[in-house]
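Chemist: give the three-dimensional model of this entry:
(one chain, ligands or ions: 1)
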Amino acid sequence: MADLMIIMVLLSVLISYCESVGNAASFTVWPIGSYINGPGIIASFSTREIDECLLHCVANSNCVATNVDTTNDMCELLSAIDCNNQGSQNGDWRVLHKEGEYACVVYEYKGCYLDDPTTRDFDQMAYQGDPANTPNKCANTCADSGYSYMGLQDMDECWCGNSYGLNGAAALDSHCWRNCTGDPAYKCGSAFKNSVYQLVDYRTP
Ligand SMILES: *[C@@H]1O[C@H](CO)[C@@H](O)[C@H](O)[C@H]1NC(C)=O
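Modeler: Numbering: from 1, shown residues only. Model (predicted):
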């Protein structure tokens, strides 16, 4: 009878393990981007293993995504994703998100690049003079038209294209020094200089 109990317990452990692995299959690692700032870090664990961090997330019904630092042993569980709040942190971070639980265009900074009024680096100017310019707004605008790169220029301009670098890189990253009109936490280029980002569109298909 005791043996049967042990077998039953082992079986239920095995079943819940299989269920969590099954659920883990519905998570995706962002191909670019590195970190999503809050809102709502609900727990953190000391591990650099993506699989282990994911099992913590799957076990927590409030968890919709994780940040994992694959070099410095940090796993954060998130209860929400704020598309406006994609950023960088020291470390080698990965974001895993639950399918269907959010709708961001993911963006990753590529550098500060030169523009030229006669040889524009990007195909299309999406908007200019926008008092609410942010990386997220420009990323969504460019992704709406199917572009895979954006350039944020001179505080309030958004440019879209499928390549960048025609006029070379700025000598220093700090040459893209102007704050974005819509969020001073981000830089939006300067005169004829673009803060360039790569985009991947994860919004609902
Ligand atoms: C730019 O933003 C930073 C904060 O990120 C702030 O300290 C600085 O004063 C801002 N610069 C201007 C010119 O508004």
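Chemist: so this structure: which segments form each domain?
Modeler: Here the domain parsing of the chain from automatic domain parsing is 2-98, 105-201.
Chemist: out of those domains, flag the one nearest the ligand.
Modeler: Evaluated over those, closeness to the ligand peaks at domain 105-201, with 3.5 Å, by C-beta to the nearest ligand atom. Where you see a C-beta, it was placed from the backbone N, CA and C, and this is true even at glycine.
Chemist: does the closest one come close to the ligand?
Modeler: Yes - Domain 105-201 is in contact with the ligand by C-beta under 6 Å from any ligand atom, via Asn179, Pro184, Ala185.
Chemist: that older thread, format the domains of the chain as JSON lines; extra columns: mean pLDDT and mean neighbour count.
Modeler: Converted to JSON lines, the domains of the chain look like this (pLDDT from 0 to 100; neighbours: other C-beta atoms under 10 Å):
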{"stretch": "domain 2-98", "mean pLDDT": "79", "mean neighbour count": "16"}
{"stretch": "domain 105-201", "mean pLDDT": "97", "mean neighbour count": "19"}
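Chemist: which stretches of this structure form helices?
Modeler: 2-24, 50-58, 135-144 (DSSP state H).
Chemist: how about the strands in this structure?
Modeler: With DSSP state E as the criterion, the chain has strands at 27-29, 35-36, 41-45, 65-69, 74-78, 86-87, 93-98, 105-114, 124-127, 149-153, 157-161, 179-180, 183-187, 193-201.
Chemist: adding distance to Cys138, write those strands out as a markdown table.
Modeler: A markdown table is the format used below for the strands of the chain (distance: least, C-beta to C-beta, whole Å):
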| stretch | distance to Cys138 |
| --- | --- |
| strand 27-29 | 23 |
| strand 35-36 | 18 |
| strand 41-45 | 26 |
| strand 65-69 | 23 |
| strand 74-78 | 24 |
| strand 86-87 | 12 |
| strand 93-98 | 20 |
| strand 105-114 | 9 |
| strand 124-127 | 7 |
| strand 149-153 | 5 |
| strand 157-161 | 4 |
| strand 179-180 | 9 |
| strand 183-187 | 10 |
| strand 193-201 | 8 |
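Chemist: Val78 against Val64, yeah?
Modeler: You called it Val, but residue 78 is Leu. Yes - Leu78 is in contact with Val64 according to C-beta atoms under 8 Å; the separation is 6.3 Å.
Chemist: mind exporting the C-alpha coordinates of stretch 136-143 to PDB?
Modeler: Presented in PDB, the C-alpha positions along stretch 136-143 are these (Å, rounded to 0.1, in the frame of the first residue of the first chain):
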ATOM      1  CA  ASN A 136       8.100  52.500 -29.400                       C
ATOM      2  CA  LYS A 137       5.900  54.900 -31.400                       C
ATOM      3  CA  CYS A 138       8.300  55.000 -34.300                       C
ATOM      4  CA  ALA A 139       8.900  51.200 -34.200                       C
ATOM      5  CA  ASN A 140       5.100  50.600 -34.400                       C
ATOM      6  CA  THR A 141       4.800  53.100 -37.300                       C
ATOM      7  CA  CYS A 142       7.600  51.600 -39.300                       C
ATOM      8  CA  ALA A 143       6.400  48.000 -38.600                       C
END
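Chemist: this completes my enquiry, with thanks.
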